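In: below is the sequence, then the predicted model.
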Number of protein chains: 2
Amino acid sequence: VKQKDPRTHLREANAPGTKLSATAAAPTRVAILGFGTVGSSVAQLISAQKKNGVRITHVFNRGVARKRVAWMSRDVIWTERFEDLLSPEVDVIIELVGNVELAHRWISRALIAGKHVITANKQLIARHGGELVALAQQHSCRIAYGAAVGGVVPVIPAILEGLAADSFHRISGILNGTCNYVLSRMERARIAMPEAIAEAQVRGYTESDPTSDLDGEDAAAKLVILAAIAMQRLITPEQVRRQSIRTIDPVDFDYARMIGCTIRQISYAELNGKHLIAAVQPALVALDSPFAVAHGSDNLIAVYGKHSGRLLFAGAGAGGDPTAVAVLSDLLAIRRGHSPAAHNAMSTTEVRGDLGSRHYLRFVVKDRPGIVAGIAAVLARYRINIDALMQSSGHPAARLPFVITTEKSPADKVADAVKEIAKARYHVQPPLNLPVLDSL
Amino acid sequence: VKQKDPRTHLREANAPGTKLSATAAAPTRVAILGFGTVGSSVAQLISAQKKNGVRITHVFNRGVARKRVAWMSRDVIWTERFEDLLSPEVDVIIELVGNVELAHRWISRALIAGKHVITANKQLIARHGGELVALAQQHSCRIAYGAAVGGVVPVIPAILEGLAADSFHRISGILNGTCNYVLSRMERARIAMPEAIAEAQVRGYTESDPTSDLDGEDAAAKLVILAAIAMQRLITPEQVRRQSIRTIDPVDFDYARMIGCTIRQISYAELNGKHLIAAVQPALVALDSPFAVAHGSDNLIAVYGKHSGRLLFAGAGAGGDPTAVAVLSDLLAIRRGHSPAAHNAMSTTEVRGDLGSRHYLRFVVKDRPGIVAGIAAVLARYRINIDALMQSSGHPAARLPFVITTEKSPADKVADAVKEIAKARYHVQPPLNLPVLDSL
């Protein structure tokens, strides 16, 4: 008799109205599509748990010969032919190839062939989630993508199960572990960004090219998925306003601290009438907020419910093992007959508006009289009120950083004003403009 | 045709292996047992959502005449006879009476009669959870108690769904909103405890008698439920080591801050071989930890997974509306044929051991020479190393508070030493002994 996780067992036994799928009694047979870091961690986790009722039948990878490992069962078929995974011997395909176009094609074929699919591919789901869920429904299959958002942080079941009775109007979060590692290391160790990025690479938190992390593409895809799940709004990653964290300097943490803040890459989405506000950018957050407390590669997601108020979820946002837990949890849910997917027929939503926050403007100038007066004049012309001016001592006059914070103002107006200010000759580097999100 | 929540709809349509229970197409008929603050909030939430497929058929309360409200449907039967709720017209009974003995009897009868049950009664589930889940299974019903732990924080589905693939060895958290309100108010507003308690009462966070909150009974029950869900360990509330927060003085926040800490009521449980460490007590936590960042009546739950690392969940721990969201979310899960309960046949576990943390010892003395030397001698005899001695100026010599922190030491040994120290005549009030949990 197969043993099962006692929690799983209980819920099956305790759900009389639920007809278990055919795979629940027999082992669920799984093919792993892509055997990199996460694929290998998933296989190890499945192999280590004797009682979970899951058996790996196939591993697909290009050049699969060099991927073979001795700790896998001898029965596993190692293959370079995707078609082998469509065998009747396979119930579920776990897609971990990363590439969007290939994954799209393969997952579509898998669903059409009647295979359940689990994927951690956030760019794929952000772009084609609705379509793939519809395809799964047509073919009586399920598709799950819990690992695509927040790493191991179980925000999808939390919203869909535990908070099903509420509706959500705002999401804010730290959705990229690499950026959080880089910024929190700069804050704590007082190092420059290239050094912090190199550390993140050594720790395996980022690819050799960290562009997608630093510039917000990765977080934007996750924000798109969260907006679909929590707010039933469909937007594309391209609609999300993005700003890179690359322009943050260690001195910005000093100035931020003077107003009780630090800096994090913040993703947020908020209902704005029929439209959606959606952005991924470095922002100032209050030092005593949960966002400031998130260190290392942690992810943190806040959702704001009409009745529930603010709910927070946090945990490891990167790493093979945590991601493997998310993938295998999706698999166990499918095995129980639950369907974790959340995209539903939704119409596209326009992205418009912003939070109208305070702004942090940092200038690095070759000092001469009249600079502040000139900047103040431009801001006044745009009807932007100055909240504070900060200039700490100890910087060379040839490369002097100082900061102006504004009162609450529309982001577009501030951007226009900064663009005009940036035309002056005294700038040693372009001005930095960050929102102050200290009431998140 | 009945409209359903689009998320629910999707998951049903997308779960081909799941036979929907008979109640899914027709409205789910619900009886509310106990019409106080939460009962009323649940009824309002159900009534406000036209599309959730839930209909209230009965409201039970003692002296029900005075409970009648005009905004409920005229079809609702208001009753003082529990038996009316066992009518074939009722699918689910929502128990919100609070009392353990009555609720135990009524819920047992409801399950035997084939009714699904939802309860927010933490003391009941902590004491009889296993038995009631078994009874539900026998009678092909479900029992759900998501609202019994963490208020609206969806920690149960998060652990059971999103983290099903991992196992957990430690839980720590802020499980009582009243205590957190009181302590965080004392910290921020520099007020004494009685004043903070009065404020909590005005805001409706606590009963007229806050004993169960302040002394840890409420949190202990929640910890028992969490240990059952996350670690499959069965203990009773009486086994949990408890210490009241009543002895905390505003001066303790000043001394705590000197070592980078603040004070919260912390509940923790940790596997200790075959045994369990389990305690609810005021403790020092690091100022830059998520525990310190939890303010007001928020709850915060951290679970530590073998593969996932630390996961955090936080949100409103009290209030009618958030609790109503948790209750109705359980109802929607039952409606979908999911079974959220988690207690399973578990053997009882012994509670033994402690975290062996540093300790904060605060003394208030009538000053005279030799006091510190005497205390140090006792600690030395118990082989407890002193980490720091703190005495701030500005206190009267007749009532002088000072603090000794110890290095990591077994809690029992520290308790014994403090008991011996407490015998001296110079104490103006009993010594305070708190663990320093700054690495949670």
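Out: Yep, it's here.
In: isn't residue A:435 up against residue A:355?
Out: Yes - between residue A:435 and residue A:355 there is a contact under C-beta atoms under 8 Å: 6.8 Å. In this view, the C-beta of every residue, glycine as well, is placed from N, C-alpha and C.
In: quick check: the gap between the spatially most central residue of chain A and residue A:77.
Out: With distances taken as C-alpha atoms, centre = their mean, residue A:175 lies nearest the centre of chain A, 3.5 Å away. To residue A:77, residue A:175 is 36 Å away according to C-beta to C-beta, to the nearest Å.
In: and what of residue A:157?
Out: Distance from residue A:157 to residue A:77, by C-beta to C-beta: 32 Å.
In: same deal with residue A:263?
Out: Between residue A:263 and residue A:77 the distance, using C-beta to C-beta, works out to 49 Å.
In: who's more crowded, the two?
Out: Using other C-beta atoms under 10 Å in any protein chain shown, the more surrounded residue of residue A:263 and residue A:77 is residue A:263, with 24 against 17.
In: paired strands for the helix or strand hosting that one, with orientation please.
Out: Element membership for residue A:263 (DSSP states H and E) is strand A:261-272. Its sheet considered, strand A:261-272 pairs with strand A:168-174 (antiparallel), strand A:275-286 (antiparallel) by DSSP bridges.
In: give me phi/psi at residue A:350?
Out: In terms of degrees, to the nearest 10, the main-chain angles of residue A:350 are phi -90, psi 140.
In: following the helix or strand harbouring residue A:313 in sequence, what is the next regular element?
Out: Per DSSP H and E, residue A:313 falls inside strand A:309-316. Using DSSP H and E, the helix or strand that directly follows strand A:309-316 along the chain is helix A:320-335.
In: what angle separates that following helix from strand B:309-316?
Out: 60 degrees (axes from the mean of the first three to the mean of the last three C-alpha atoms, to 10 degrees).
In: what packs against helix A:320-335?
Out: On a contact count with 3 or more C-beta pairs under 8 Å, 6 or more residues apart in numbering or on different chains; DSSP states H and E, helix A:320-335 meets strand A:28-33, helix A:37-48, strand A:54-60, strand A:92-95, strand A:116-119, strand A:143-144.
In: so which bits of the stretch 201-350 of chain A are right by chain B?
Out: A:229, A:232, A:288-290, A:292-293, A:300, A:305, A:307-316, A:321-322, A:324-329, A:331-333, A:337-346 (C-beta under 8 Å from any C-beta of the partner chain).
In: whichever of those residues end up buried, select them in ChimeraX.
Out: Buried members of these, defined by 16 or more other C-beta atoms under 10 Å in any protein chain shown, are picked up in ChimeraX with:
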select /A:229,232,288,289,290,292,293,300,305,307,308,309,310,311,312,313,314,315,316,321,322,324,325,326,327,328,329,331,332,333,337,338,339,340,341,342,343,344,346
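In: residues contacting residue A:71?
Out: A:44, A:47 (C-beta atoms under 8 Å, 6 or more residues apart in numbering or on different chains).
In: same deal with the one 10 residues further on?
Out: Listed by C-beta under 8 Å, 6+ apart, the contact set of residue A:81 reads residue A:60.
In: that one and residue A:65, how far apart?
Out: With distances taken as C-beta to C-beta, residue A:81 is found 13 Å from residue A:65.
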